[in-house]
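S.K.: just the structure for this:
(2 chains)
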Protein chains: 2
Amino acid sequence: MNTSRAEQRSRERLVVVGGDAAGMSAASQARRLKGPDALEIVAFERGHFTSFSACGIPYWVGGDVPERDRLIARSPEEHRARDIDLRMRTEVVEIDVEGSRVRARDLDAGTESWTAYDKLVIATGARPVRPDLPGVDADGVHGVQTLDDGQALLDTLTATEGRRAVVVGAGYIGVEMAEALINRGYEVTVVNRGREPMSTLDPDMGRLVHKAMEGMGITMVDDAEVTALRTDDGRVRAVATEDAEYPADVVVLGIGVRPETELARAAGLPVGDHGGLLTDLALRVRGHANIWAGGDCVEVLDLVSGRERHIPLGTHANKHGQIIGANVGGDYATFPGVVGTAVSKVCDLEIARTGLREKDADRAGLQYVTVTIESTSRAGYYPGAAPMTVKMLAERRTGRLLGVQIVGREGAGKRVDIAAVALTAGMTVEQMTALDLGYAPPFSPVWDPVLVAARKATAAVRSGTS
Amino acid sequence: MNTSRAEQRSRERLVVVGGDAAGMSAASQARRLKGPDALEIVAFERGHFTSFSACGIPYWVGGDVPERDRLIARSPEEHRARDIDLRMRTEVVEIDVEGSRVRARDLDAGTESWTAYDKLVIATGARPVRPDLPGVDADGVHGVQTLDDGQALLDTLTATEGRRAVVVGAGYIGVEMAEALINRGYEVTVVNRGREPMSTLDPDMGRLVHKAMEGMGITMVDDAEVTALRTDDGRVRAVATEDAEYPADVVVLGIGVRPETELARAAGLPVGDHGGLLTDLALRVRGHANIWAGGDCVEVLDLVSGRERHIPLGTHANKHGQIIGANVGGDYATFPGVVGTAVSKVCDLEIARTGLREKDADRAGLQYVTVTIESTSRAGYYPGAAPMTVKMLAERRTGRLLGVQIVGREGAGKRVDIAAVALTAGMTVEQMTALDLGYAPPFSPVWDPVLVAARKATAAVRSGTS
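M.R.: Modelled structure (predicted):
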C-alpha cells in the first residue's frame, strides 16, 4: 500500500483526514474543480459514517426525526461514486509532515500503511469532554457526539423501564437533549456547573432560560459540580453532586467538545489557546503551504473581538470545507471569521446569541453599554404574538454593535441574523435604528424588537450609561 | 381662534398636519424633548382616529384581530394627556408658507380658522387609488385604507348573504384581503392588471404566488383591466373586464395608494416624480427650514438605486415621526433611506422582497446577474421543513447585492432581513457567503437558503452569466 513518490508525479494526491462535514465538503469541492486525471483524492474516516449531521442527533433521539439515515447527507458510496477513494474505519495515527505522508490503521483488519500526499486536509473534528468521574463508563451513561452514540442512547431508552433522566451540562447539547428526553416521556433533571444554563449567554439572559425550562417541568440544578455517577451492578443509578444525589435511569453527558488535535500536535502543527489548529484566512495551517484544516478542529477568528475562538458548529465546518476545497482545487476563497452566532431551542423556547457577551467584551478590553428590552414576535394585536427579550451590547462612545442575545418563543431565534449581519458590517447601533426590516403585522411589530433594542442602546451610548 | 404672532413669542408652536403614525410620533417625540412651557403642539386630524395600524385592517376584517380598537396604538385622549392640543375631525385646507400659518376646517361645525406655526410637520399620508369606473360608488364596493373603511366592509360582509368576493388588485393589500375574505368563508376572485400578482416581485416570482393562491382555491385573473362594476339597484353585482364578468356580492379595491400632497402642492412645496414631498435627510421639506414631512406623503431615497421612491409603509412612517420629532425638539436625527424591504403573507404563503427587481435595476442603469434557488426553512430532515424559493440579483462585475425576493411557507418571509442588512451595508454576494447566520436543524439547513443563493450568485458573477 506504500505509494512511491514517483507514482505521484503523474497526478497530485490530496489526502483528507476525517470524513465528516469539513473533510468531505473539501474533498467534494476539490473534485468539482479537478477531475480524477488531475487530482487523486484519498479520504480516511475512522468511524462508520460520513457527512452526517451531529446537530440533528437530539432530534433523532427525541423522535422528531424518525430514522438515523435521515441525518446522513452523503453516504460513503455516494462519495466513492465521485471518484473519492474513501477508506472507512481507517484511522490516521500519524502525520509525517517532513515526509508528506500519513500513517493509517485499518481498524477492522488491524493493519497499517503509509500514504503520501501532495496536499493534506485535516478535518479531525472535536471530541466530547468526558469527565474523569467514578462511574462514567457505566451502562446508561451516554454521549451524543456520533451516530453510534445516538443509537446506543436510543437502545438504552428502549431497554430501560425507569423514566428518570439526568442531563449533565446545560449548553446547546444539554438543553436540546433535555427537550429530546421530555419528548420521550422522561422526567428530566439538568445538572449544570454554571450559574445559569446556557453559558453562551450572559447570566441575566441565562436566567430566562432557567425559568422557562422549569416551566416545562424540567428540574434545573445550577452551580452544581458532578462528583460521581452512582452505579449498581454496572448500571448508572444516580448523579451525585457535592450537595445532593439525583436518581437516574439514564444519564446524558452534554458537557461540550474540544478540538481533536492530538494527531496534529504530535506532528508539530500549531495549536492555539483553545486547543484548535491555527490557520490563515485561506484555512492553510500556519507555516505549512500544503496543509489545510477546517471544521471543529480549528480555531476561528472572532471578527468582533479580534481574537481566536473555538466554535464547533456544522455550518462553519461546511463553509470551511467549501473554502478548503476551492483552494486545494486551484481556485481561491477565504474564511474571514465568525461573529459567534448560535441559535437553539428547548421545546418552544428559542435561544439565540451573536457577538460578545459582557465577559467577552471585558476580556477584549472593550467598554460597553447594555440594554434589555421586551417585545413581541408579531404586532401585539396579531394572534400568536409571542414575547421575546432582546439584550444588546454596544461599545461605549463609538456605539458599535458588540453583541445581541435573544430569548423568546416562536419567531425569536432567527432574528439574531439581523444582528449577525450588522456585526459583520461593523454597524453602530444608531445606524441599526434605520434598518429597513420586513414589517407586516403577522411578522413583526411596527418596530422590530431588534430595532427597539437598537434605539434604546443608542440612547444609552449617548447618555454614557449602561 | 386666530393666534397672533405676539402670543407665539412666549413659546414656540409646532403644528402637525395629520394624526396618524408619522404625525403623532413626531408630536410625541418632540414633546418628550420639550415640555409644554417650551413648545406648544397643535395637531390636526380630519378623521375619527389617531395612530392606528392601517396594515392591520386585513386581519381585523379577516377575523384574526377581534376588534377595531386593538389596531389603535394611541387614542386622541392619550395624546391629549401628553399636552398635545389634538383637534379631531379638523382638516387643514390651506398652508400659508409665507405667513407661517395653516387654515383648518372643523368638519362637524363647518367653521374655519387660521393657526400660526413656528414649525410645521406635514404628515398627510396617502389616499387610495379609486379608479374612475362606472359603478365604483355602488354599495358593496369598499376600500380598506381607514378604520371607517374597514368597519363599512365588515358591515357589508355581515349584511350580505352572497359569498362571492372580488378583489381588484393583487399587491399587498389585494393579497391580504384575499386571505381575509377566504377566512370569512368567501369564494374569492382576484382581478389583477399585471402579468402576475405581487408586481413588487419579478414576474417569475409572482408566478409562484399566482400558483400558490390558486392552490388555496382563489381564482386568479391576471392581465385583466377592470372596465366597469356592474350594479343592480345601487348594489354591485359583478366586476367586468374586457373579456369577462366576475359575479360579486362584495368588491374590495386594493389598487394601492398615492401620496396625499394636494395641500402641499397648493402651497408650492416641492413634490417629486411619484407625487410625494421631497425632503432632505433630516426630513425637512427641501428649501424650507421650518417645515418637515414624513410618512406616506413623502418620497424616500432608495439606497440601492440612488433614486427617490414612494413606499407607504407604517414602519417607515413611525421612523420618520421619531426623526422629525427629534429634529423639531432640538435634537438631531436623519433618515438615510430605504432598501425597499417588504413582507406579506396569504394564508400560509410568505412573500418577501428587498432591494431592486430586474426592472428597477434596468431603470437605474445597472447590469446584473440573477439566480434562483430552492431550499427549505429548516434542515431537510426536521419536521415542518417548508420549501422556499429565493431569487437574488447581484451587480455584474462588482458582485454587489442588488435585491432578494423570497416566496415560501413558514420561516421564509423574515429571512429577507438578512438581505436587507447586507444591502444597507453594501455587501457583495461573495461577502455574504461567509455570513455567520444562526444555524440549528429546527431553524435552518446547514446552509441557510440566503447563503445558498449568495453562493450561486457569486458563481454567476464570476462566470459573467445570469
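
S.K.: dig out what A:G355 forms beta bridges with.
M.R.: A:G403 (DSSP bridges).

S.K.: A:L423 is in contact with that one, correct?
M.R.: Yes - taking Cβ atoms under 8 Å as the contact criterion, A:G355 and A:L423 are neighbours in contact, 5.1 Å apart. C-betas here are computed from N, CA, C, even on glycine.

S.K.: shared neighbours of those two, which are they?
M.R.: Each of A:304, A:339, A:401-403 lies in contact with both A:G355 and A:L423 under the rule Cβ atoms under 8 Å, 6 or more residues apart in numbering or on different chains.

S.K.: which member of these is positioned nearest chain B?
M.R.: For those, the closest approach to chain B (Cβ to the nearest Cβ) belongs to A:V339, at 4.7 Å.

S.K.: now do the contacts for the closest one.
M.R.: By Cβ under 8 Å, 6+ apart, the contact set of A:V339 is A:302-304, A:354-355, A:420, A:423-424, B:436.

S.K.: in strands, which of those fall?
M.R.: A:354-355 (DSSP state E).

S.K.: quick check: the two most widely separated of the contacts of A:V339?
M.R.: Greatest spacing in the contacts of A:V339, by Cβ to Cβ: A:D302 and A:A420 (12.5 Å).

S.K.: so which of those two has more stuff around it?
M.R.: Just comparing A:D302 and A:A420: by other Cβ atoms under 10 Å in any protein chain shown the higher neighbour count belongs to A:A420, 28 against 20.

S.K.: state the distance from that one to chain B.
M.R.: As judged by Cβ to the nearest Cβ, to the nearest Å, A:A420 and chain B stand 5 Å apart.

S.K.: same check on A:T458?
M.R.: From A:T458 over to chain B the distance is 9 Å, taken as Cβ to the nearest Cβ.

S.K.: list the contacts for A:D204?
M.R.: A:372, A:391.

S.K.: low-confidence regions, chain A specifically.
M.R.: For chain A, applying pLDDT under 70 flags the ranges A:1-9, A:465-466.

S.K.: got a list of contacts for the strand or helix carrying A:V121?
M.R.: Taking DSSP states H and E as the criterion, A:V121 maps to strand A:119-122. For strand A:119-122, contacts defined as Cβ under 8 Å, 6+ apart pick out A:12-18, A:22-23, A:26-27, A:95, A:100, A:102, A:263-264, A:269, A:277, A:285, A:290-294, A:297, A:324, A:328.

S.K.: got it, and stretch A:326-336?
M.R.: Identification of contacts with stretch A:326-336 by Cβ under 8 Å, 6+ apart yields A:14, A:26, A:29-34, A:39, A:119, A:121, A:281-284, A:292, A:294, A:300-301, A:303, A:319-320, A:322-323, B:431, B:434.

S.K.: for it, measure first residue to last.
M.R.: End-to-end span of stretch A:326-336 (Cα to Cα, to the nearest Å): 15 Å.

S.K.: so who does the nearest residue to A:G337 once chain neighbours are set aside touch?
M.R.: Of all residues beyond its chain neighbours, the one nearest A:G337 is A:L301 (3.5 Å), with distances taken as Cβ to Cβ, 6 or more residues apart in numbering or on different chains. By Cβ under 8 Å, 6+ apart, A:L301 lies in contact with A:281, A:307-309, A:336-338.

S.K.: who's A:L301 bridged to?
M.R.: Counting by DSSP bridges, A:L301 forms beta bridges with A:E308.

S.K.: how close does it sit to chain B?
M.R.: A:L301 is 11 Å from chain B, by Cβ to the nearest Cβ.

S.K.: show the buried residues in the contacts of strand A:119-122.
M.R.: A:12-18, A:22-23, A:26-27, A:95, A:100, A:102, A:263-264, A:269, A:277, A:285, A:291-294, A:297, A:324, A:328 (16 or more other Cβ atoms under 10 Å in any protein chain shown).

S.K.: helix, strand, or coil at A:L153?
M.R.: At A:L153 the chain is in helix, as set by DSSP: H, G, I helix; E, B strand; the rest coil.

S.K.: wait, isn't it in contact with A:W60?
M.R.: No - when contacts are counted by Cβ under 8 Å, A:L153 is not listed as touching A:W60 (9.6 Å).

S.K.: export the contacts of A:L301 to CSV and tack on neighbour count?
M.R.: Formatted as CSV, those follow (neighbours: other Cβ atoms under 10 Å in any protein chain shown):
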residue, neighbour count
A:L281, 12
A:R307, 15
A:E308, 17
A:R309, 17
A:P336, 13
A:G337, 19
A:V338, 25
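
S.K.: and which of these is nearest A:D233?
M.R.: Nearest to A:D233 out of those is A:R309 (Cβ to Cβ; 43.0 Å).

S.K.: what sits opposite A:E40 in the beta ladder?
M.R.: Taking DSSP bridges as the rule, A:E40 bridges to A:R13.

S.K.: in contact with it, which residues?
M.R.: A:11-14, A:85.

S.K.: equivalent analysis for A:G337, please.
M.R.: For A:G337, the contact set (Cβ under 8 Å, 6+ apart) comprises A:300-303.

S.K.: contacts only, for the closest residue in space to A:T354 that isn't next to it in sequence.
M.R.: For A:T354, ignoring the flanking residues on the chain, the nearest one in space by Cβ to Cβ, 6+ apart is A:T341 at 4.0 Å. Residues near A:T341 by Cβ under 8 Å, 6+ apart: A:352-354, A:416-417, A:420, B:436-439.
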